[in-house]
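Asks: output the structure for:
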Amino acid sequence: MKDENLYRPYSTESSLNGCACGKHGSQDEHDRQTQAARLRRAGDAEALSGDFVEAAAVRALFPHEATRRNLIKAVGGPTLMAAIGSLLPLASLQANAMEKSGALEKKDLKIGFIPINCATPLIMADPMGMYKAQGLNVTLSKTAGWALVRDQMINRELDASHFLAPMPLAMSIGQGGTPQPMRVATIQNINGQAITLALKHKDNRDPRNWKGFKFAIPFEYSVHNFLLRYYLAEHGLDPDRDVQLRVTPPPEMVANLRAGNIDGFLGPDPFNQRAVFDQVGFIHILTKDIWNGHPCCAFGASQAFIDQNPNTFAALYRAILNATAMAHKHENRAEIAKAICKPAYLNQPETVVLQALSGRFADGLGKVRNEPDRADFDALPWYSMATWMLTQMKRWGYLKDDVNYKALAEQVFLLTDARKQMAALGMPAPAAAANGYRPFTIMGKTYDPAKPQAYLDSFAIKRA
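Replies: Residues are numbered from 1 along each chain as shown. Predicted structure coming up:
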């Protein structure tokens with residue numbers, strides 16, 4: 001017998017007469033209303049600041065989680081709350097924290113985004129009040145394609161933006177234009193992409209047979225481009241000679257697949273799932289099966305914006321980190337899908353967005369798959385993610401000159417700042433993040449960030 005009963009008859013936190021508090025018809029209704037109340041509270045900057053101070057005080061008194069939990073079980077939450085309140089001047093500490101918070105240099109911000117699931121933290125922070133909680137008045141600017149995002153950031157039409165993770169690296173060294181120092185504050189998402197093929201290819205699943213195929217990718221400086229090239233090359237195809245790669249804005253990928261202009265695409269969700277929903281394509285492989293935990297998109301700003309608006313940038317950081325932490329939890333994905341599917345954001349059917357976020361999805365081949373790690377959200381901008389991207393830029397001829405991978409990674413990816421901001425929000429980073437470099441495995445091949453040139457030299461198919 002398993003404890004999977006919807007009414008939780010074996011839980012001390014449920015009631016067989018309704019819910020734990022006795023005010024709702026069911027525990028499910030209780031949980032929904034509790035979560036809604038928490039989200040409303042997240043929109044109140046003063047309440048959020050006070051909550052953080054109180055949580056930090058409790059964490060300082062009980063640094064070991066087991067001790068805190070055992071004490072709550074023994075004496076009860078209200079008793080512990082009263083005891084701490086009698087020992088510490090919480091109200092004074094909370095008021096002091098509000099007074100000392102740095103004044104925002106700029107409250108009205110314009111932030112760019114492409115309407116894809118990768119931007120979930122950045123998008124959800126708007127309808128769920130996370131920007132307002134930091135005293136920010138944010139206008140999200142939906143943008144058609146990545147070249148426009150690049151141009152608007154260079155021209156300072158946007159204060160900050162959703163980026164493809166390699167873009168700030170390329171922009172900072174002047175790939176495609178004048179060098180513009182850009183910074184990656186957080187990784188927006190990990191995994192969450194797929195290779196989607198037209199239905200006519202459902203019996204042609206061996207990449208070695210794909211010579212002459214036409215594939216869409218979102219942008220040259222994208223992990224999509226690098227992962228597709230990697231995947232094809234590992235199957236013996238030269239991505240510059242054996243297939244055609246066409247830069248296509250993500251919202252146009254499904255239409256091009258339907259029209260027969262392309263054979264497939266490696267692109268972001270929800271468009272892989274939308275191709276299945278529209279019955280024009282199927283999911284050949286999820287990118288997590290190429291590199292599990294790979295970065296895709298990022299959130300960032302120019303160095304000039306950061307220098308001129310340090311308190312505003314810190315407030316943005318907190319909003320995005322809070323959103324990322326919430327998006328990381330699977331139990332929040334349904335609510336998030338409902339919030340971001342709206343016309344102002346993704347403008348997609350809720351079921352399409354949810355299937356891609358939840359990992360329970362139809363694959364277009366008659367199966368319903370359950371892969372919870374299809375998409376995830378982890379904010380840490382590892383330096384080794386940046387150096388891997390640079391090896392691929394070099395591999396395929398985008399970088400003509402030698403580049404100090406390590407120096408550029410540590411300049412553009414703000415890992416130290418991310419760790420500091422996360423710690424302040426009670427989100428400790430793994431111990432390995434102190435160094436910033438960790439190895440990754442892509443299709444069975446290990447990338448050692450200490451030896452990027454040896455890694456690059458090991459590939460048979462390359463332009464470098």
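
Asks: helix or strand next in line after the helix or strand harbouring residue 338, which one?
Replies: Assigned by DSSP states H and E, residue 338 belongs to helix 333-340. For helix 333-340, the following helix or strand on the C-terminal side (DSSP H and E) is helix 350-358.

Asks: which residues touch residue 125?
Replies: 131, 138, 319-320, 322-323 (Cβ atoms under 8 Å, 6 or more residues apart in numbering). Placement of C-beta: from N, CA and C, glycine included.

Asks: please name the nearest non-neighbouring residue to it.
Replies: residue 323 (4.3 Å; Cβ to Cβ, 6 or more residues apart in numbering).

Asks: how deep is the one you found tucked in, by neighbour count?
Replies: With neighbours defined by other Cβ atoms under 10 Å, the count for residue 323 comes to 27.

Asks: looks like it contacts residue 128 (just checking).
Replies: Yes: between residue 323 and residue 128 a contact is recorded at 7.2 Å, counting by Cβ atoms under 8 Å.

Asks: how about the strands in the stretch 101-250 of the chain?
Replies: Along the stretch 101-250 of the chain, the stretches classed as strands by DSSP state E, counting those that start in this stretch are 108-113, 137-142, 160-164, 182-187, 190-191, 193-198, 214-217, 244-247.

Asks: for this protein, what helix or strand is lowest in average pLDDT?
Replies: Least confident element among the helices and strands of the chain, by mean pLDDT, DSSP states H and E: helix 90-100 (a mean of 57).

Asks: which one's the longest helix in this structure?
Replies: Of all the segments of type helix in the chain, defined by DSSP state H, the longest one is helix 310-328.

Asks: I'd like the strands of the stretch 101-250 of the chain as a markdown table, with distance to residue 338 appended.
Replies: Listed next are the strands of the stretch 101-250 of the chain as a markdown table, based on distance: least, Cβ to Cβ, whole Å:
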| stretch | distance to residue 338 |
| --- | --- |
| strand 108-113 | 18 |
| strand 137-142 | 17 |
| strand 160-164 | 20 |
| strand 182-187 | 23 |
| strand 190-191 | 22 |
| strand 193-198 | 22 |
| strand 214-217 | 29 |
| strand 244-247 | 32 |
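
Asks: output the ones you listed as a markdown table; include the columns mean pLDDT, distance to residue 371 and mean neighbour count.
Replies: A markdown table is the format used below for the strands of the stretch 101-250 of the chain (pLDDT from 0 to 100; distance: least, Cβ to Cβ, whole Å; neighbours: other Cβ atoms under 10 Å):
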| stretch | mean pLDDT | distance to residue 371 | mean neighbour count |
| --- | --- | --- | --- |
| strand 108-113 | 98 | 26 | 20 |
| strand 137-142 | 97 | 29 | 16 |
| strand 160-164 | 97 | 23 | 28 |
| strand 182-187 | 97 | 20 | 26 |
| strand 190-191 | 98 | 9 | 26 |
| strand 193-198 | 98 | 11 | 27 |
| strand 214-217 | 98 | 23 | 23 |
| strand 244-247 | 98 | 26 | 16 |
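
Asks: can you tell me which of these comes nearest to residue 303?
Replies: Closest approach to residue 303 among the strands of the stretch 101-250 of the chain is made by strand 182-187 (5.8 Å; Cβ to Cβ).

Asks: just how off-centre is the closest one within its chain?
Replies: 12 Å (Cα atoms, centre = their mean, to the nearest Å).

Asks: also stretch 292-300?
Replies: 6 Å.

Asks: same check, this time on stretch 354-370
Replies: Worked out by Cα atoms, centre = their mean, stretch 354-370 lies 20 Å from the chain centre.

Asks: in CSV, please show the C-alpha coordinates belonging to that stretch.
Replies: Extracted in CSV, the C-alpha atoms of stretch 354-370 (Å, rounded to 0.1, in the frame of the first residue of the first chain):
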residue,chain,number,x,y,z
LEU,A,354,2.3,23.3,-19.5
GLN,A,355,3.3,20.1,-21.4
ALA,A,356,6.7,21.6,-22.1
LEU,A,357,7.2,22.9,-18.6
SER,A,358,5.9,19.9,-16.7
GLY,A,359,7.6,17.3,-18.8
ARG,A,360,4.4,15.3,-19.4
PHE,A,361,3.8,15.6,-23.1
ALA,A,362,2.6,14.1,-26.3
ASP,A,363,5.6,13.4,-28.6
GLY,A,364,3.8,13.5,-32.0
LEU,A,365,4.5,9.7,-32.5
GLY,A,366,1.5,8.5,-30.5
LYS,A,367,3.1,8.4,-27.1
VAL,A,368,2.7,10.4,-24.0
ARG,A,369,6.0,10.8,-22.3
ASN,A,370,6.8,11.8,-18.7
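
Asks: rounded to a whole number, what's the mean pLDDT of that stretch?
Replies: Stretch 354-370 shows a mean pLDDT of 97.

Asks: hang on, the earlier thing: for residue 339, find the nearest of the strands of the stretch 101-250 of the chain.
Replies: strand 137-142 (12.4 Å).

Asks: please name the residues that touch residue 88.
Replies: Applying Cβ under 8 Å, 6+ apart, the residues near residue 88 are residue 57.

Asks: any idea how far residue 355 is from it?
Replies: In this view, residue 88 and residue 355 are 47 Å apart by Cβ to Cβ, to the nearest Å.

Asks: just for the stretch 201-350 of the chain, where's the confidence low?
Replies: Within the stretch 201-350 of the chain, not a single segment meets pLDDT under 70.

Asks: how long is stretch 142-151 end to end?
Replies: 14 Å (Cα to Cα, to the nearest Å).

Asks: show me which residues of it are buried.
Replies: 142-143, 145-146, 148-150 (16 or more other Cβ atoms under 10 Å).

Asks: same thing with stretch 369-386?
Replies: Per 16+ other Cβ under 10 Å, stretch 369-386 contains these buried residues: 374-386.

Asks: of those, closest to residue 393?
Replies: Closest to residue 393, out of all of the buried residues of stretch 369-386 and judged by Cβ to Cβ, is residue 386, at 10.6 Å.

Asks: hmm, that closest one is touching residue 406, no?
Replies: No: with contact defined as Cβ under 8 Å, residue 386 and residue 406 do not form a contacting pair (9.1 Å).

Asks: list the residues that contact the most centrally placed residue in the chain.
Replies: Centroid-nearest residue in the chain: residue 189, 2.0 Å away (criterion: Cα atoms, centre = their mean). Contact analysis of residue 189 by Cβ under 8 Å, 6+ apart lists 117-121, 295-297, 375-377.
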